[in-house]
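In: Generate a structure from the sequence data that follows.
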Amino acid sequence: MNKKTSKMAPIVLGLALFSMFFGAGNLIFPPYLGLQCGTKWLLGFICFLIADIGLAFMAIAAMVGGDGSISGVTGKIGKIPSLILNTAVVVCIGPLLAIPRTAATTFETSIQPILPHASLLIFSIIFFGITIALTIRPSSVIDILGKVLTPLLVLILAIVIAAGIIHPLGEIQAPTTQYVVREGILNGYQAMDVLGALGFAIIIINSIKSQGITETKERNKFMLMACGLAGTLLLLVYGGLSYLGATAGTLYSIEDVSQAQLIVLLVQDLFGFTGVVLLGIVVGLACLTTAIGLTSATAEYFENITHGKVSYKTMVIIIGVFSMLVSNVGLTQIIGIASPILSVVYPTVVALIVLSLLKKWIKNPNVHKGAAIASLIVSIGTVLYGYGVNVPLVSSLPLFAEGLNWIIPTLIGGVIGSFFKSEDYKVLSEAAETTETEEKQRVERGA
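Out: Numbering: from 1, shown residues only. Have a look, this model is predicted:
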């Protein structure tokens, strides 16, 4: 790798990571949060950023610190449970929900306002035809995202945000919610970037390896630089969009508009019909880049678990066709179908990410198993409770109102698990110590 490539690689990786995270959900949640929080929009925005990108970057850090795969984060709960959980995560961020949602959102936000009689079927065929074409070569994914699509996306967003700052839509009003912190956290969860990060990290890590970077220290340096750039861009964009929403308090109320309607109205107020077209371009680019990233990550995952029996290119085509069919169900139906699945999967994944980051201090796999079992039981019970099933204690747990009633049971489950020793515990500890010793020796030899 020459010096020029070395200097540019983290920038390209950072731009690619930004574009993969910044999907349609990330575009519509911050303005609505700003409208809710009013004069306290900055506090709500900070909570959103922590719950969304903060946890997502923790997921990436956990994967980089492991073997670069999702199993490196979830593997300690057991081979079969890990495989089931990993596949559930990938399917959710892949062809079941996130990928079809990109096309459905683009159609409803970008195409229909301009062409009311357009066909979703025809549009979805075109959308996923482009996605497949740009994803079919895994080596080109990062370059396409980092060098072409993302700079254009950032430029358009910068124009929209700058216009809103120079010509505010109105004075910022008092908050319409008493729970600014909770709203920020819950909106951050809804963006689903934590689950997406587990897939995106695979692409980024593989891209770093393709640059000829195999040393752990150098790989971590590149990842830190890429995450730093992506995080900075996301902070500026989310902050700008939250501010725009906060300035619209005299024009709109949360009772009268939805998240998607608000962003359309904001841009229309700033730019008129030209703004609607501009928004269509932004949403289209955001959704397309996310679809490319998720399709690539999903295809690589299934190629790996099938040990190459199903090739990457074949999986890209299968995922594209399946996602095209699902997208025609409609955005509301897609979210409704996948919502309970995400509600069960999300807490367990977050718990395992945190435990993976603490692996130097927590080596007993039963801690992971106890935490996972507890979070899974509470999550399933909470979903059933939401459908009217009488589940004892679920609504009585602390933080139920905030949707975080799984946290304390998860901690208790992990503590209980620590009291159980398994035969694998000693083997894992010895293996970890051996690996650490070999790493130190290798570094010393290199020095």
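
In: ranges for the helices of the stretch 101-250 of the chain?
Out: Listed in chain order, the helices of the stretch 101-250 of the chain (DSSP state H, counting those that start in this stretch) span 120-135, 138-143, 150-166, 180-190, 193-210, 216-246.

In: any idea of the angle the longest one forms with helix 193-210?
Out: Using axes from the mean of the first three to the mean of the last three C-alpha atoms, to 10 degrees, one finds that helix 216-246 and helix 193-210 are set 140 degrees apart in direction.

In: avg pLDDT for helix 216-246?
Out: Regarding helix 216-246, the rounded mean pLDDT is 84.

In: same for that helix, what does it pack against?
Out: Under the contact criterion of 3 or more C-beta pairs under 8 Å, 6 or more residues apart in numbering; DSSP states H and E, helix 216-246 touches helix 3-21, helix 24-37, helix 41-49, helix 55-65, helix 150-166, helix 193-210, helix 259-271. Any C-beta I mention is one placed from the backbone N, CA and C, and that applies to glycine too.

In: same check, this time on the fourth one
Out: When contacts are defined as 3+ C-beta pairs under 8 Å, 6+ apart, helix 180-190 packs onto helix 24-37, helix 41-49.

In: what about 10 Å?
Out: Counting contacts by 3 or more C-beta pairs under 10 Å, 6 or more residues apart in numbering; DSSP states H and E, helix 180-190 is packed against helix 24-37, helix 41-49, helix 55-65, helix 216-246, helix 331-357.

In: which one of these lies closest to residue 262?
Out: Of all the helices and strands packed on helix 180-190, it is helix 24-37 that lies closest to residue 262, at 5.4 Å by C-beta to C-beta.

In: Distance from the chain centre to that closest one, please.
Out: Centre-to-centre, helix 24-37 and its host chain are 16 Å apart (C-alpha atoms, centre = their mean, to the nearest Å).

In: For that helix, the averaged confidence score.
Out: Helix 24-37 carries an average pLDDT of 84.

In: between it and helix 331-357, how big is the angle?
Out: Using the same axes, to 10 degrees, the direction of helix 24-37 lies 90 degrees away from that of helix 331-357.

In: hang on, residue 81 packs against residue 71?
Out: No: here residue 81 does not reach residue 71: they are 11.1 Å apart, not a contact under C-beta atoms under 10 Å.

In: isn't residue 277 right up against residue 264?
Out: No: counting by C-beta under 10 Å, residue 264 is not a contact partner of residue 277; they are 11.4 Å apart.

In: what is in contact with those two at once?
Out: Here residue 277 and residue 264 share the contacting residues 110, 113, scored by C-beta atoms under 10 Å, 6 or more residues apart in numbering.

In: which of these two has more neighbours?
Out: residue 264 (21 against 15; other C-beta atoms under 10 Å).

In: need the contact list for that one.
Out: Neighbour list for residue 264: 28, 108-110, 113, 257-258, 275-276, 279-280, 283 [criterion: C-beta under 10 Å, 6+ apart].

In: rerun that using 8 Å as the cut-off
Out: Counting by C-beta atoms under 8 Å, 6 or more residues apart in numbering, residue 264 makes contact with 109, 113, 276, 279.

In: Now for those residues: which two are most distant?
Out: 109 and 276 (9.6 Å).

In: Looking at those two, which is more packed in?
Out: Between residue 109 and residue 276, residue 109 has the larger neighbour count (other C-beta under 10 Å), namely 25 against 17.

In: What residues of stretch 56-69 count as buried?
Out: Within stretch 56-69, the residues that qualify as buried are 56-66, 68-69, counting by 16 or more other C-beta atoms under 10 Å.

In: Reformat those residues into a markdown table and put distance to residue 171 and pLDDT next to each item.
Out: Listed next are those as a markdown table, based on distance: C-beta to C-beta, whole Å; pLDDT from 0 to 100:
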| residue | distance to residue 171 | pLDDT |
| --- | --- | --- |
| 56 | 34 | 86 |
| 57 | 35 | 85 |
| 58 | 37 | 86 |
| 59 | 39 | 85 |
| 60 | 39 | 82 |
| 61 | 41 | 82 |
| 62 | 43 | 82 |
| 63 | 44 | 79 |
| 64 | 45 | 74 |
| 65 | 47 | 72 |
| 66 | 49 | 69 |
| 68 | 49 | 65 |
| 69 | 50 | 70 |
